[in-house]
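A.B. asks: From the sequence below, what's the structure:
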Amino acid sequence: MNKPLVVITGASSGIGAAMARAFSQAGHPLLLLARRLEPMQALALPNTLCLSLDVTDGEAFKAAITEGESKFGKVGCLINNAGVMLLGLAHEQDPGEWSRMLNINVMGVLNGVHAVLADMKARNTGTIINVSSIAGRKTFPNHAAYCATKFAVHALTENIREEVAMDNVRVITIAPGAVETELLSHTTSEAIKAGYQDWKTEMGGVIMPETIAQAALFAWQQPQNVCVREIVLAATKQQP
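C.D. replies: This is a model prediction of the structure:
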């Protein structure tokens, strides 16, 4: 392949699927990873390997990278996009939902980093893009545990960026505001989901996944000696 392999987690819908289409259109071979295999295959993108993966399984993540690299060559860019948003009040929410978010949103990102970073350092090149959230920069009602996971993503991304800067490896945070995805459907509280929908209506609609995909593509397409450390973007009328 003339262009390096791009790996995208959570690629079965929403931002991940939009990123898959954008990077494929830019000519990259893809390794798409998500628990649901069929929606990724339905994208029908050329030079693409789709694998079912639970990002909380570090060994499975490494095996998927190995399989993708055997087909398309070394990973040029890993996009850690997989995540869940389970909203709830701290005194009411099921702690099992906290564990699920921490495992997917934080350990899933770290597993991805661990699967590619040593080789990127050895090759003196590579890019990791971690999809966080504005909820990783400020808090929101009903978001306590979710914010905790996204603050963690911001922190680990910046920390690792500093660690590997002299190895010519870029580590980037993308922090979207409200986006039109399936993410809200993971929340179990119908009252919270209704309130969130009202909030989206009040701001005149939210941004589309394709906008986030273009932001990621912009950061990736900068020269390797330029690291766009963080991109924060949201609907103009989103106040917080």
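A.B. asks: now do the same end-to-end measure for stretch 223-233.
C.D. replies: Using C-alpha to C-alpha, to the nearest Å, one end of stretch 223-233 lies 22 Å from the other.
A.B. asks: quick one: contacts of that stretch?
C.D. replies: Identification of contacts with stretch 223-233 by C-beta atoms under 8 Å, 6 or more residues apart in numbering yields 125, 127, 134, 137, 154, 158, 161, 165, 168, 170-177, 207, 211-212, 215, 218-219, 222. C-betas here are computed from N, CA, C, even on glycine.
A.B. asks: Show me which of those are buried.
C.D. replies: Buried members of the contacts of stretch 223-233, scored by 16 or more other C-beta atoms under 10 Å, are 127, 134, 154, 161, 170-177, 207, 211-212, 215, 219.
A.B. asks: Could you point out the longest helix of the protein?
C.D. replies: Secondary structure of the chain read by DSSP state H shows that its longest helix is helix 144-164.
A.B. asks: what's that helix packed up against?
C.D. replies: helix 95-101, helix 108-123, strand 127-131, strand 170-176 (3 or more C-beta pairs under 8 Å, 6 or more residues apart in numbering; DSSP states H and E).
A.B. asks: got the residue ranges for the strands in the chain?
C.D. replies: Counting by DSSP state E, the chain has these strands, from start to end: 5-9, 30-34, 48-52, 75-80, 127-131, 170-176, 230-233.
A.B. asks: May I have the fourth one exported as CSV, CA atoms only?
C.D. replies: Meaning strand 75-80. Output of strand 75-80 as CSV, limited to C-alpha atoms (Å, rounded to 0.1, in the frame of the first residue of the first chain):
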residue,chain,number,x,y,z
VAL,A,75,0.3,1.1,11.7
GLY,A,76,0.7,4.8,10.8
CYS,A,77,-2.3,6.0,12.8
LEU,A,78,-4.3,4.5,15.6
ILE,A,79,-7.6,6.2,16.4
ASN,A,80,-8.9,5.2,19.9
